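1. Mind folding the following:
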Amino acid sequence: MNNTLKTFTLCLALLLLCFSAQAQIGNRIGNAIQNAAERAATRQAEQRVEQAVDKAINNAFDKDKDKNQNQQQQGQQQQQQSSDPANTGSANTTLAPVEKPATSAVAQEPTKLESFSQYDFVPGDQIIFYEDFSQDAVGDFPDHWTTNQSGEVRTVNIAPGKWFHPTSPGGFFGYLNALELPENFIVEFDYIYQSEDYNQQHYTFSLFRDDKEFSTDLYPGNQGLHISFTYKQQWAAIGYKDGEYNMDNYSTRNPVDDGVNHVIIWVQRRRVRVYHQGAKTLDLPTLLYQGTTFNRFRFDGWSSYATPFISNIKITTAAPDVRSKLITEGRMISYGINFDSGRDVIKPESYGAIKAIADVLKENPGVKVCVVGHTDSDGNAASNLDLSKRRAAAVKTCLVSVFGIDAALIETDGKGQSEPLAPNNTTEGKAKNRRVEFVKI
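-> Next comes the predicted model:
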């Protein structure tokens, strides 16, 4: 019995041990299944998140791709409108694209012009100087200019025309010929800052009087004016004469990265006003010393790593007697109404010039005028004729919709390239021929 009992007890123990082992195995299997299910659920959730993220990223890339394609097409179209589209070799420069204005005329967006009402200057009826490098070959240093470093004419993908680009920083870039400037004149130019330029660098435009055709002095000549447009920091203006300086006149206003910045400098005896991107940046009534006169100008990046693109440099007389010209003489030429290249969209800096016409018409009720558009000889004659007519119509629309002039008092016409004031074989001649005339009828 003892042996039988022992055997039975041993079998029972083995059976219980098997049940316990099976239970543990079952628990482990169950835990493993549960863990696997949890991991699968977690992985499915992660996959759904990853798919959602991938989808969002792909959509973003698709949008960016479409946007970049559209901007590249715009850049190509703008470049095709440049004065020498064939010269687009190694000197063609790619910048980050910027959005272009709509092709609609001012009539559809009159508030754009109103928002630039601080452009109170009125360019005169004489062009003293104009340079857009259109007659220089891409890759060459421009004629009639000099430098102590290096530079070349290039094209860019975000704006039409040709641009001077200093290829080494810290250089001086000056016009060789002397220009006797009046006591009241306006300087305009466009520049593009590249975003990779260092944040604390600056570039300077200088007007001065000097017998030498070129100077690398920090303050050239015995009298002058410095306007520094400092990248990502501030603007500064300095007037000097015979070793004395009016300095440290600052205004904080950042330039547009990788986009066209339009600058206007209005010199009126001792007073200097600077406009940039729709705002009056500086207004300094006694910055210049008494009797300061100018006969030269230059750009420089003294102690700077900045290498901007510069073009469309224009100097005109200022503050014409609009009333006398229009009412007494019966005809007025305006170089202050500007348009985008090849288009009939009025640029916002035209505000002061158009407002001056509107004021005269309001002061002389019943006077009728004809707005006549003119172009240079670049391009097709038929296209230029159509463009001149559309530009004249855009000016009329602006006078009516923005300034409230009776539409019945304004007629429009366009002459295209048929009535030049100067030969079309120079940049200045072409600039003189691109004009808007107001004729009393």
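2. Over to the residue lying closest to Tyr305 once chain neighbours are set aside. Which of the three states is it?
-> The shortest distance from Tyr305 to any non-neighbouring residue, by C-beta to C-beta, 6 or more residues apart in numbering, is to Pro169 (4.4 Å). C-beta: built from backbone N, CA, C; applies to glycine. At Pro169, secondary structure determined by DSSP: H, G, I helix; E, B strand; the rest coil is coil.
3. I'd assumed Pro308 was in contact with Pro169.
-> No - Pro169 lies out of contact with Pro308 (C-beta atoms under 8 Å); the separation is 10.4 Å.
4. So these two - more neighbours on which side?
-> More neighbours surround Pro308 than the other of Pro169 and Pro308, with 23 against 17 (other C-beta atoms under 10 Å).
5. I'd like the distance from stretch 410-424 to the chain centre, please.
-> 28 Å (C-alpha atoms, centre = their mean, to the nearest Å).
6. what does that stretch contact?
-> Contacts of stretch 410-424 with the rest of the structure, by C-beta atoms under 8 Å, 6 or more residues apart in numbering, involve 368-378, 381-382, 384-393, 395-396, 399-400, 428-430, 432-433, 435, 441.
7. pLDDT at the residue nearest to Tyr305, what is it?
-> Pro169 carries a pLDDT value of 79.
8. How about Gly151?
-> Predicted confidence (pLDDT) for Gly151: 93.
9. What remains of the contacts of stretch 410-424 if I keep only buried residues?
-> Buried members of these, counted by 16 or more other C-beta atoms under 10 Å: 369-378, 384-393, 395-396, 399-400, 428-430, 432-433, 435.
10. Against which helices or strands is whichever strand or helix holds Gln126 packed?
-> Assessed by DSSP states H and E, Gln126 sits inside strand 123-131. Applying 3 or more C-beta pairs under 8 Å, 6 or more residues apart in numbering; DSSP states H and E, one finds that strand 123-131 makes contact with strand 184-192, strand 309-318, strand 331-334, helix 427-433.
11. could I get these as JSON lines with distance to Leu361 and mean pLDDT?
-> Output for the helices and strands packed on strand 123-131, formatted as JSON lines (distance: least, C-beta to C-beta, whole Å; pLDDT from 0 to 100):
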{"stretch": "strand 184-192", "distance to Leu361": "23", "mean pLDDT": "95"}
{"stretch": "strand 309-318", "distance to Leu361": "21", "mean pLDDT": "96"}
{"stretch": "strand 331-334", "distance to Leu361": "12", "mean pLDDT": "94"}
{"stretch": "helix 427-433", "distance to Leu361": "25", "mean pLDDT": "94"}
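12. In TSV, list the ones you listed along with distance to Ser341.
-> Below are the helices and strands packed on strand 123-131 laid out as TSV (distance: least, C-beta to C-beta, whole Å):
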stretch	distance to Ser341
strand 184-192	11
strand 309-318	10
strand 331-334	18
helix 427-433	12
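13. can you tell which of those is closest to Ala137?
-> Smallest distance to Ala137 across the helices and strands packed on strand 123-131 (C-beta to C-beta): 14.0 Å, for helix 427-433.
14. Could you list the residues in contact with that closest one?
-> Residues external to helix 427-433 that are found in contact with it (C-beta under 8 Å, 6+ apart): 127, 129-135, 314, 335, 374-378, 417, 420-424.
15. Now a PyMOL select for only the buried ones of those residues.
-> Under the burial definition 16+ other C-beta under 10 Å, those of the contacts of helix 427-433 that qualify are selected in PyMOL by:
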select buried, resi 127+129+130+131+132+133+134+135+314+335+374+375+376+377+378+417+420
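16. Now do the contacts for the residue most central in space within the chain.
-> With distances taken as C-alpha atoms, centre = their mean, Val260 lies nearest the centre of the chain, 1.6 Å away. By C-beta under 8 Å, 6+ apart, Val260 lies in contact with 98, 158-159, 190-192.
17. Show the residue spans covered by the helices in the stretch 51-200 of the chain.
-> 111-114 (DSSP state H, counting those that start in this stretch).
18. Strands along that one, start to end?
-> With strands called from DSSP state E, counting those that start in this stretch, the stretch 51-200 of the chain shows them at 92-93, 123-131, 145-147, 151-156, 163-166, 172-175, 184-192.
19. closest one to Arg298 among these?
-> Checking those against Arg298 by C-beta to C-beta gives strand 172-175 as the closest, at 3.4 Å.
20. okay, Glu114: pLDDT?
-> With respect to pLDDT, Glu114 scores 61.
21. hmm, back to that, which ones among the buried ones among the contacts of stretch 410-424 are found in strands?
-> Those of these mapping onto strands are 369-374, 435, per DSSP state E.
22. Closest to Phe208 out of these?
-> Nearest to Phe208 among these is Arg435, at 29.7 Å by C-beta to C-beta.
23. Not counting its neighbours along the chain, what's nearest the closest one?
-> Nearest non-adjacent residue to Arg435, counting by C-beta to C-beta, 6+ apart: His374, 5.0 Å away.
24. quick one: the one you found and Glu437 touch, right?
-> Yes - assessed by C-beta under 8 Å, His374 is found in contact with Glu437 at 6.8 Å.
25. What's opposite the closest residue to Pro285 other than its chain neighbours in the beta bridge?
-> Residue nearest to Pro285 in three dimensions, not counting chain neighbours: Arg271, with 4.8 Å by C-beta to C-beta, 6+ apart. Taking DSSP bridges, one obtains Gln268 as the residues bridged to Arg271.
26. who touches Arg271 in this structure?
-> Shown in contact with Arg271 (C-beta under 8 Å, 6+ apart): 283-288.
27. could those residues go into JSON lines alongside neighbour count, secondary structure and pLDDT?
-> Output for those, formatted as JSON lines (neighbours: other C-beta atoms under 10 Å; DSSP: H, G, I helix; E, B strand; the rest coil; pLDDT from 0 to 100):
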{"residue": "Asp283", "neighbour count": "16", "secondary structure": "strand", "pLDDT": "92"}
{"residue": "Leu284", "neighbour count": "16", "secondary structure": "strand", "pLDDT": "93"}
{"residue": "Pro285", "neighbour count": "11", "secondary structure": "coil", "pLDDT": "94"}
{"residue": "Thr286", "neighbour count": "12", "secondary structure": "coil", "pLDDT": "95"}
{"residue": "Leu287", "neighbour count": "21", "secondary structure": "coil", "pLDDT": "96"}
{"residue": "Leu288", "neighbour count": "26", "secondary structure": "coil", "pLDDT": "97"}
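28. Many thanks, have a good one.
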